[in-house]
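Enquirer: predicted model, plus sequence, below.
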Amino acid sequence: MKQTIAILSIFLLFNLSDANGQYDPIKRCVIDSDGQCLPNALLTAMPFLRIIPDARGGAMGDAGITTSADPNSIHYNSSKLAFVEKDMSFAATYTPWLRNLGLQDVYLAYLSGYKKVNEREALGFGLRFFSLGEINFTDFSGNSSGTGRPRELEFAFSYNRKLSENFSAGLTAKYMYSNLAAGQAIGNTPINAASAFAVDVSFTYKKAGNMTAYGSEWTIGGALTNLGSKITYTGSQFKDFLPSNMGLGAGLLLNFDDFNSMSFHLDVNKLLVPSPQSPLLIDAETGQTTENPDYDANGNGEPDYKEQSNFGALFNSFGDAQGGLNEELKEFNFSLGVEYWYNKQFAVRAGYYFENPIKGDRQFITVGAGLKYNVFAIDISYLVPTNNRRNPLDNTLRFTLQFDFEALTGDYGEDQ
C-alpha cells in the first residue's frame, strides 16, 4: 500500500526535538498558549533500534533484561548468553507495523541466534530489518516528487563471557544503516542515507535461592546500548544522536515443582540523550516571556543541547532537564513482566509498560503465549493500549519462531 506524505514528514520525524512553546518554571514544563503542559519527549535518529524485536519480550511489557537467555537476548542484555546450556539456537520474528491503519507493507523482521563456544563463552548475532513500505513523496506544494522504499537495517555481533560462576559480561558491536528518503531534497539540500557504528556493554548476575522447596533464582542485569556516533541525513555539521540507552533489570524465578515455574521481571530504561530545551522562558516573577540564554549561546542557529559530544551527553542526560529532578525522573520508563511455564513446554505471559505522559505517553498491557515442541518453539504476543494514544502495534499479533539444534539430538536442556 502506498502512503502519500511530504518529504519533510518522514525526514524531520527523526530530527525535530525542539520543544515548541514556552517553559514555565512554576509548572516545570513547556506550555502552549492555553497554559497546558506540552509533550517534551526525547527524540533521536534511528528510533527503530529501540523497538522490541521479539514476541516473548513483547508479551511481557517489553521486559527482557533478566529473562532466561534465548537467541533474542542480544537486543536486551547480551551477557545472558554466557549462561546458556544449549549449544546453538536461532530465532526469527515478524512484527507487522501500523497494521491497524490498514498498511500491509510496513513491518519489522528480526533474525538472531547464538553459538556456545565453551563452558564460559558464547557468541551472538542479530539482524534487524525495518521496512516502511512504498512511499509517494511530495514537495511542500503537494506536487509528486517520485516514490521510494524507506528502510533501515542493523547488524549486531556479540561476545559474552562468564567472569565467575554467577557473573557474566558482554560486548556487542553494531552497524546501522538508515535510508529514509535518499535521492530527495529539501530545497537545495539533498537527503542522503545515513550509517553509524555503535557498541553495547552488558552484565548479568545470577544467584540461586531457596524461596521454594524446588529452588529459586535471583537475576540482576544491566546494559548500555547504542553507544555510537551521531548521524546526519543531509551532510550538515549538526548531527543527531542515536538512541543510546541505559537499562537495569531485576528478576525472580520460582520453581514450584517439577512441572510448574513462574518468573517476575522489572526493567527500568532511560535514554542517554539530551533533554529538549525551550527557546523561550516565562519569568517566574513578571510572567513575561524572554529568550532562553542557554538555548543557543554561541548563536550558530543550532540548540546547544544538540551540539554536545556523545560522551558529554551520556553524563549530562541525568541532570539537564529544564524541570530539574522532577522532569528528569519522568524520563525513566518501566516494564513489568510475568512468565509462567508448564513442563518447560507451554508458557503464558503478561506485562505492563509505562512511559510518562509528557515523555511519550506509551502505556499498554501485553499478553502472550509460548509453545515448545521438539525442534521448534513459537511465541506470540498481543498489545492492548491503556490510554487514548494509538500504538503502532494496536490489535496486532507478533510471532517468533525458534529453532533449537540441540533438540535434534534429544538433549533438551533446562533453558526456558
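Expert: Perfect, thanks for sending it. Predicted model only: the values in this text are computed from it and were never measured. Numbers count the residues shown, from 1 in each chain.
Enquirer: correct me if wrong: residue 214 contacts residue 253.
Expert: No. Contact criterion Cβ atoms under 8 Å: residue 214 and residue 253 do not qualify, at 10.6 Å. No exception for glycine: its C-beta is placed from N, CA and C like everyone else's.
Enquirer: what's the local residue count around residue 399?
Expert: 16 (other Cβ atoms under 10 Å).
Enquirer: that one: which element?
Expert: strand 397-404 (DSSP states H and E).
Enquirer: what's that strand in contact with?
Expert: Applying Cβ atoms under 8 Å, 6 or more residues apart in numbering, the contact partners of strand 397-404 are 54-56, 58, 70-72, 86, 89-96, 375-382, 412.
Enquirer: out of those residues, which end up buried?
Expert: 54-56, 58, 70-72, 86, 89-93, 95-96, 377, 379-382 (16 or more other Cβ atoms under 10 Å).
Enquirer: just the ones of those in helices?
Expert: When the buried ones among the contacts of strand 397-404 are checked against helices (DSSP state H), the matches are 55-56, 58.
Enquirer: which strands or helices does the longest strand belonging to the chain pack on?
Expert: Criterion DSSP state E: the longest strand present in the chain is strand 194-209. Strand 194-209 sits against strand 167-179, strand 216-228, with contacts defined as 3 or more Cβ pairs under 8 Å, 6 or more residues apart in numbering; DSSP states H and E.
Enquirer: mean pLDDT, mean neighbour count and distance to residue 292 for those - can I get that in CSV?
Expert: Output for the helices and strands packed on strand 194-209, formatted as CSV (pLDDT from 0 to 100; neighbours: other Cβ atoms under 10 Å; distance: least, Cβ to Cβ, whole Å):
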stretch, mean pLDDT, mean neighbour count, distance to residue 292
strand 167-179, 96, 20, 31
strand 216-228, 96, 21, 29
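Enquirer: what would those strands look like in TSV with distance to residue 103?
Expert: Output for these, formatted as TSV (distance: least, Cβ to Cβ, whole Å):
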stretch	distance to residue 103
strand 167-179	19
strand 216-228	26
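Enquirer: and of the ones you listed, who's closest to residue 314?
Expert: strand 216-228 (7.5 Å; Cβ to Cβ).
Enquirer: following that closest one, which helix or strand comes up?
Expert: Following strand 216-228 in sequence, per DSSP H and E, is strand 245-255.
Enquirer: of all the residues in the very next helix or strand once past that following strand, which ones are buried?
Expert: Next helix or strand after strand 245-255 toward the C-terminus (DSSP H and E): strand 260-271. Neighbour counts using 16+ other Cβ under 10 Å place 261, 263-271 of strand 260-271 among the buried residues.
Enquirer: rewinding a little: buried set for the longest strand of the chain?
Expert: For strand 194-209, using 16+ other Cβ under 10 Å, the buried residues are 194, 196, 198, 200, 202-206.
Enquirer: strand partners (parallel or antiparallel) of it?
Expert: strand 167-179 (antiparallel), strand 216-228 (antiparallel) (DSSP bridges).
Enquirer: what's the closest of the ones you listed to residue 82?
Expert: strand 167-179 (3.7 Å).
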